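Participant: based on what follows, work out the 3D shape:
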Amino acid sequence: MRTGEPLPAVGEVLTALATGLWHWDTATELVTVDAEAARLLGLPAEGATLTEAQARARLHPVDWNEIISVIGLAVAEHTLAEVRIRIMDERGRVIRTVRSRSKPSYDKDKKSFRLIGTLQEVTEPTPGTPAGRTAVTGDWRRSREAFLLDAGRALAEARSTAEVLRVAAGLSMPGFSPDGLAVFGVEGDRLTIIGHHGQQPGDESPFSHMSLETDYPAAEVVRTGRAVYLSSPEAYRSRYPVTWPLAQRFDRQSWAFLPLTVAGRTMGAWMAAFAYPVAFTPDERSVLTTVARMLAQALSRAGLAESERELTDGLQRSMLPTLGPEIPGMTVAARYVPTGGGLQVGGDWYDMIPLPGGTSRTQAGTGRFALVIGDVQGHDVRAAGLMGQLRIALRAYAAEGHRPDAVLSRASRFLNGMTYGLDDPSDMRFATCLYVEADPVTGVLEVARAGHPDPAIRMADGTVLARRTEGGLPLGIDPDADYPTTRITLEPGETLMLCTDGLIETGGHDFETGWKRVRTILETHEGDLEGLADALIQAVHGPSSHHTTGPFADRREDDIALLLLHRQGEIRDPAAVRPTVRRTMLSVAQAEPERVGVARQQLRELLHDWPSADQIDSAVLLLSETLTNVLVHTDADALLLAEVRGEAGERRMRVEVTDTSDDLPHKRRPGELASSGRGLMLIELLADAWGVDPRGEGKSIWFELYEPSGEPSP
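Facilitator: A predicted model of the protein is given here:
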């Protein structure tokens with residue numbers, strides 16, 4: 001071109017440089033291309049207006065997503081959007097690779113992007129070369145996509161701020177990895193250090209509580225919401241001369257400070273520092289920006305979850321009591337585990353209440369106390385609120401000196417008045433409850449039950465039995481419900497267990513299979529009461545519980561409340577006698593024939609691991625015969641003593657029924673129509689050994705059965 005000649009048109013220059021021009025408006029969803037741009041897209045070499053769908057059909061699907069990401073980054077940083085694009089033909093084959101450079105703008109009213117840019121053909125780099133690692137396409141792209149997927153999954157699984165920071169510190173970015181990380185937060189008008197990696201403890205001190213007005217990159221990022229990239233120490237020193245001495249001592253070569261933004265609010269900044277120079281190409285900036293967004297979301301989720309846990313834990317702690325002072329002769333242990341989901345609050349609770357009076361109703365003094373455990377329907381904030389109110393009401397009624405049945409009756413009327421008759425049926429709740437009044441001097445327990453699981457007792461010899469108690473409806477259903485009481489004596493060396501159904505049914509178990517799991521722990525644990533409480537919780541709520549799941553696929557977790565009461569005595573170590581003997585004892589009065597059924601159930605529980613089901617059925621049948629014989633043919637009460645002795649495989653069960661009548665039973669030969677007289681014949685037929693022993697007052701009828709896999713002990 002000679003001097004003085006007019007300059008060629010821009011279009012002619014671009015055509016001469018094999019560079020096409022294009023324009024894209026996302027509001028109209030139209031893409032306008034000139035002849036060269038059309039040719040590069042594999043279309044006829046003439047200007048055209050394409051729909052987004054037509055333009056997208058010419059691009060590799062992965063590259064289309066890349067364009068969207070780079071455009072957002074460029075708008076946020078007010079920079080050019082540069083990206084490599086693979087052009088496809090009608091058969092889906094790559095025909096060329098082009099570089100797109102554009103200046104995007106964002107219309108807030110239309111919520112759309114407008115871009116004017118250029119297209120120019122480039123050579124695809126050889127995989128594995130430095131160029132291949134820095135280009136958008138090739139090995140670097142595939143490594144970056146895999147990295148972002150892994151990073152996103154790891155950050156999404158982090159449940160606390162500490163876990164998020166550990167994940168961030170372990171991220172190894174493809175092609176460039178920082179050796180120093182720091183996460184800055186904001187408190188008022190000052191920066192805080194949430195966490196850091198790659199620095200020594202204490203190195204964060206100069207940067208903590210730094211004013212947002214300080215001439216420091218992280219402070220500027222928080223103020224403006226825009227990233228700061230410093231590719232060399234010279235760039236850092238010239239741009240931030242005041243704070244450069246603070247960063248100089250770490251001997252880094254490049255720095256990236258990115259905003260942590262959630263829902264349009266900048267909550268902090270993330271620093272990635274490199275020990276080698278980094279150019280911070282658009283591709284590298286895209287990766288860093290994506291990680292910063294994921295990191296901000298993860299920190300926001302973790303912070304919210306920690307706040308909820310702190311709130312709910314504080315709420316639950318304020319509603320659950322601490323155990324009272326030490327009780328002479330007795331030890332108490334308690335545990336509460338909230339449900340694993342939601343707000344982690346629920347309606348389970350326990351309490352220990354000092355009672356007025358001494359060991360009798362007329363005797364002044366101290367020592368008597370009540371243990372309460374219960375479960376309000378639901379696992380939400382309302383259930384927790386009702387639980388707190390109900391617990392206070394129970395404490396008030398107990399402090400007035402009411403008996404267990406009266407305490408539960410008043411509590412049921414209280415809960416019914418609070419919940420029933422409301423407009424919203426979901427607000428109507430009930431609660432199960434077990435109230436135990438204990439006398440530490442005598443070991444006598446008076447139990448009232450409102451729809452709650454029965455208590456269990458581990459005897460001094462290690463035998464574990466569920467003690468059947470009288471009960472009524474759950475609290476709150478019937479304001480006039482009655483709650484009969486059952487008297488139990490906790491002997492020296494025995495342990496009482498009260499729990500909510502969460503301890504039994506967690507992990508897909510029903511009540512039967514869950515009780516077997518709990519009973520195994522009670523029978524086999526050796527240690528103090530606190531250790532037993534921990535073992536019970538760990539067995540059903542810890543990692544090992546996943547190997548002993550129940551028969552149901554539905555594994556919704558439930559709250560767990562647990563109370564253990566141990567009466568100290570001469571037998572300090574139940575494990576010393578557990579391996580060879582276990583027994584149960586029960587009285588059946590003339591006025592309580594229904595306790596024959598309780599005796600049968602206790603015998604079955606005593607023989608829960610006996611290998612022969614036929615022998616168990618035989619023992620239960622013979623027990624019914626002997627107890628019924630006492631109740632029908634005498635005026636005396638009956639006392640049952642059942643024992644299992646010996647090592648596994650050579651055990652002997654012995655059942656003995658004693659009464660105070662001197663009339664000895666006689667074996668008879670009843671006719672076909674006789675209604676009695678077959679008891680001793682059945683014993684002789686089914687038992688391995690039996691007998692009738694006269695006592696000083698009364699007699700004892702006993703029978704024995706031997707474990708089928710071994711011979712009886714001598």
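Participant: for the closest residue in space to Gly117 that isn't next to it in sequence, pull up the helix or strand it's in.
Facilitator: Ranked by C-beta to C-beta, 6 or more residues apart in numbering and with sequence neighbours excluded, the top spatial neighbour of Gly117 is Ser102, at 2.6 Å. All C-beta atoms are positioned from the backbone trio N, CA, C, and that covers glycine. Per DSSP states H and E, Ser102 falls inside strand 94-107.
Participant: so where's the stretch 351-500 of the chain shaky on pLDDT?
Facilitator: 357-366, 379-380, 421-427 (pLDDT under 70).
Participant: repeat that with 50
Facilitator: Applying pLDDT under 50 to the stretch 351-500 of the chain flags the ranges 358-365.
Participant: what's the spacing between Thr97 and Leu40?
Facilitator: Computed as C-beta to C-beta, to the nearest Å, the Thr97 to Leu40 distance reads 10 Å.
Participant: residues contacting the residue nearest to Gly117?
Facilitator: Trp22, Trp24, Ile71, Ala74, Leu80, Ala81, Leu115, Ile116, Gly117, Thr118 (C-beta atoms under 8 Å, 6 or more residues apart in numbering).
Participant: what's across from it in the sheet?
Facilitator: Beta-bridge pairing for Ser102 (DSSP bridges): Ala81, Gly117.
Participant: same check, this time on the one 5 residues further on
Facilitator: Note on Asp107: beta-bridge partners by DSSP bridges are Ser112.
Participant: thought it was touching Arg114?
Facilitator: Yes: between Asp107 and Arg114 a contact is recorded at 6.7 Å, counting by C-beta atoms under 8 Å.
Participant: after the longest helix along the chain, heading C-terminal, what element do we hit next?
Facilitator: The single longest helix within the chain, with elements called by DSSP state H, is helix 282-319. Going down the chain from helix 282-319, the next helix or strand is strand 330-337, by DSSP H and E.
Participant: which residues does Val262 bridge with?
Facilitator: Val262 has these beta-bridge partners by DSSP bridges: Arg265.
Participant: follow-up on the earlier one: Asp107 and Arg114: which has the busier surroundings?
Facilitator: Shown here are Asp107 and Arg114; by other C-beta atoms under 10 Å, Arg114 has more neighbours (17 against 12).
Participant: doesn't the more buried one lie inside a strand?
Facilitator: Yes: assessed with DSSP: H, G, I helix; E, B strand; the rest coil, Arg114 lies in a strand.
Participant: how much space between it and Arg368?
Facilitator: 82 Å.
Participant: in terms of secondary structure, what does the host helix or strand of Arg382 contact?
Facilitator: Assigned by DSSP H and E, Arg382 belongs to helix 381-399. If contacts are counted by 3 or more C-beta pairs under 8 Å, 6 or more residues apart in numbering; DSSP states H and E, helix 381-399 sits against helix 282-319, strand 348-354, strand 369-376, helix 404-419, strand 431-438.
Participant: pretty sure Ile193 sits against Ser208.
Facilitator: Yes: counting by C-beta under 8 Å, Ser208 is a contact partner of Ile193 at 4.7 Å.
Participant: more neighbours: those two, which one.
Facilitator: Ile193 (19 against 12).
Participant: quickly find the element holding the more buried one.
Facilitator: strand 190-197.
Participant: quick one: buried residues of that strand?
Facilitator: Within strand 190-197, the residues scored as buried using 16 or more other C-beta atoms under 10 Å are Leu191, Thr192, Ile193, Ile194, Gly195, His196, His197.
Participant: what's around the closest residue to the third one other than its chain neighbours, how many residues?
Facilitator: Residue nearest to Ile193 in three dimensions, not counting chain neighbours: Glu204, with 4.3 Å by C-beta to C-beta, 6+ apart. In terms of burial, Glu204 registers 16 neighbours under the definition other C-beta under 10 Å.
Participant: likewise the one 5 residues further on?
Facilitator: The number of residues packed around His209, counting by other C-beta under 10 Å, is 12.
Participant: list the contacts for it?
Facilitator: His209 neighbours (C-beta under 8 Å, 6+ apart): Arg190, Leu191, Thr192.
Participant: quick one: the first one and Leu30, what's the gap?
Facilitator: This points to Arg190. Taking C-beta to C-beta, one finds Arg190 at 48 Å from Leu30.
Participant: next: the second one.
Facilitator: Distance of Leu191 to Leu30, computed by C-beta to C-beta: 45 Å.
Participant: same check on Ala448?
Facilitator: Taking C-beta to C-beta, one finds Ala448 at 79 Å from Leu30.
Participant: same thing with Asp501?
Facilitator: Taking C-beta to C-beta, one finds Asp501 at 64 Å from Leu30.
Participant: sorry, back to before: which elements pack onto the longest helix of the chain?
Facilitator: helix 61-77, strand 81-88, helix 139-157, helix 161-169, strand 254-262, strand 265-274, helix 381-399.
Participant: what's the strand holding Ile193 in contact with?
Facilitator: So strand 190-197 is in contact with 161-162, 165, 168-169, 180-186, 203-204, 207-212, 214, 216, 218-219, 222, 268-269, 299, going by C-beta under 8 Å, 6+ apart.
Participant: what's the mean pLDDT across it?
Facilitator: Taken as a whole, strand 190-197 has an average pLDDT of 84.
Participant: okay, the angle between it and strand 265-274?
Facilitator: Inter-element angle recorded for strand 190-197 and strand 265-274: 40 degrees (by axes from the mean of the first three to the mean of the last three C-alpha atoms, to 10 degrees).
Participant: next secondary structure element downstream of strand 190-197?
Facilitator: helix 217-224.
Participant: all good on my end, thank you.
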